[in-house]
Structure formats: C-alpha cells, structure tokens
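In: structure for this input, please:
(2 chains)
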Amino acid sequence: GDSVTQMEGPVTLSEEAFLTINCTYTATGYPSLFWYVQYPGEGLQLLLKATKADDKGSNKGFEATYRKETTSFHLEKGSVQVSDSAVYFCALTVTHSSGGYNKLIFGAGTRLAVHP
Amino acid sequence: GAGVSQSPRYKVAKRGQDVALRCDPISGHVSLFWYQQALGQGPEFLTYFQNEAQLDKSGLPSDRFFAERPEGSVSTLKIQRTQQEDSAVYLCASSSIAGGYNEQFFGPGTRLTVL
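Out: Coordinates of the predicted model:
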C-alpha cells in the first residue's frame, strides 16, 4: 500500500545550521508530495508541495525536490532559526486513474528543536 | 476567523462514555476529511465527505465510530462506548473542491483522553 517513511527525531540544531529531514515514499498511481508543519499549540499547516517528478517545492526558505528515481522528497533549509522549531510531516496523496478523491497519507513526523 | 474550527479542543471521557466532536469547515468548502493522530504518530485518515455524502469511511477503526455531515457544512464525529485506545487527537480538514484535489486546511484538533 501507499506509505511514507521519514527520519526519526528529535533533530536538534543550533541556529543558522543546515537542516535535512529525509522522507521516502511508496506509492501506486501518481503521487503528489507535501511537507506539513505543526508549530506548538497550532494546527497542521502546508509548508510546501510538489505534484510531479523533478518539481521543487519551496516556502519560507525550505525546499524539497520530488525525486521519482529514489522515491524521495527530502526537506532542506540552509539556515534554521529558533522559530522553525516544530514537528514536520511528510505526506502524499495519490490520484488513481479511476479518480475519486485525495486522502493524505502521513509519515510519523520529525520534531525539530533549534537552539540559539 | 475564516479557518477550520473544532470543538471542544480538549475532551476527557470515562471509558464507556459516548463523545461527539464537532468540525466547522471553511465556509463553502465541499470536501471534509477526518483524521486520527495518535501520540507521536502522523495523522491517519478516518473518513471523507463530499458535501453531505460520506464517500469513504474505510478508515473508521470500528463500528463504534460514526460521522455525519447532514447539511454539507458542519460535521460531527461520534464515538460510542469509548475505549482507552481511542485516546488521540482528532483532526478535521476541509478543501474547496470535490475530491480534495487542492490544499486541505486543517483545524486545531480535538484532543480526546479516555480514562
């Protein structure tokens, strides 16, 4: 079945460090890939997305490239800030050829803690 | 605000009690999803509505779980005879077009604790 695997946390970094959170997926059909972020006490927010192979999603300094050959969608940021501390979820939706609807399938989440 | 709202934000129930969780989607949104998020895990799909029609309930964990959206707007997730394993955060998301093919907007969730 369709699934998402992301690196376990917590990830602890100093401010201005480089961030990578790994995400790989298994999917039938034609997946779209997403990163969602959950700040403390808040709901899930869409951070970025990519809908086809080789697309790069970007937002707020975060980037992720849809790699079909490695079934990956790793999240990166060149210089993290304390305000980036949150839980990050990789997710996919699959549009099957028979149509229907898109449900999100999430990874387990990776907690990021950034210290000054 | 204009976002998805959920109530209550926190609910404590004794085992065996019935609970009802409410979701107010963004006005005019056609698609509505419920997800369950266990502690330390990612959200898992429960059910999907397109307007008032429940098109998929394959993720509901047991027949104690029931969801409705009678007028195509507000939705209620009901859990009968709650068990400890039902303890989780229940998330609602809405999307503006049928099928949820564009962005799903999430509410803050209801944290259910069953004692």
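In: state the helix or strand in which A:Phe89 lies.
Out: Assigned by DSSP states H and E, A:Phe89 falls within strand A:86-95.
In: pairing partners for the very next helix or strand once past that strand, with directions?
Out: Helices and strands here follow DSSP H and E; after strand A:86-95, the next one along the chain is strand A:105-106. Pairing partners of strand A:105-106, with direction, according to DSSP bridges: strand A:86-95 (antiparallel).
In: do you know how far the closest residue to chain B within chain A is from B:Ala98?
Out: Minimum separation of chain A from chain B (C-beta to the nearest C-beta) falls at A:Phe106, amounting to 3.2 Å. From N, CA and C alone the C-beta is placed, and that goes for glycine too. Relative to B:Ala98, A:Phe106 is positioned 22 Å away (criterion: C-beta to C-beta, to the nearest Å).
In: before we move on, what about B:Cys92?
Out: 17 Å.
In: settle it for me: which of these two has more neighbours?
Out: Using other C-beta atoms under 10 Å in any protein chain shown as the criterion, B:Cys92 and B:Ala98 rank with B:Cys92 on top: 28 against 12.
In: so which strand or helix has that one?
Out: Secondary structure assigned from DSSP H and E places B:Cys92 in strand B:88-95.
In: off-centre distance for that strand?
Out: 5 Å (C-alpha atoms, centre = their mean, to the nearest Å).
In: can you check stretch B:46-61 too?
Out: 10 Å.
In: what does stretch A:7-19 give?
Out: Stretch A:7-19 has its average C-alpha position 14 Å from the chain's average C-alpha position, going by C-alpha atoms, centre = their mean.
In: what number of residues lie near the residue of chain B found nearest chain A?
Out: Going by C-beta to the nearest C-beta, chain A is nearest to B:Gly42 of chain B, at 3.2 Å. The local packing count at B:Gly42 equals 22, with neighbours defined by other C-beta under 10 Å.
In: that one reaches A:Ala108, doesn't it?
Out: Yes - with contact defined as C-beta atoms under 8 Å, B:Gly42 counts as touching A:Ala108 (5.1 Å).
In: pLDDT score for the nearest residue to A:Ile21 once chain neighbours are set aside?
Out: Taking C-beta to C-beta, 6 or more residues apart in numbering or on different chains, and ignoring the residues beside it in sequence, A:Ile21 has A:Leu75 as its nearest neighbour in space, at 4.4 Å. The predicted local confidence for A:Leu75 comes out at a pLDDT of 98.
In: give the contact list for A:Leu75.
Out: A:19-21, A:23, A:35, A:47, A:62-64, A:88, A:90 (C-beta atoms under 8 Å, 6 or more residues apart in numbering or on different chains).
In: and if you look at B:Tyr90?
Out: The neighbours of B:Tyr90, taking C-beta under 8 Å, 6+ apart as the test, are B:6, B:21, B:34-37, B:46, B:77, B:109-110, B:112.
In: tell me the bridge partners for it.
Out: The partner residues for B:Tyr90, given DSSP bridges, come to B:Gln36, B:Thr110.
In: hmm, back to that, okay, and the beta partners of the residue nearest to A:Ile21?
Out: When bridges are assigned using DSSP bridges, the partners listed for A:Leu75 are A:Ile21, A:Ala64.
In: how close does it get to B:Pro70?
Out: Separation of A:Leu75 from B:Pro70 (C-beta to C-beta) stands at 40 Å.
In: do the same with A:Thr28
Out: According to C-beta to C-beta, A:Thr28 stands 34 Å off from B:Pro70.
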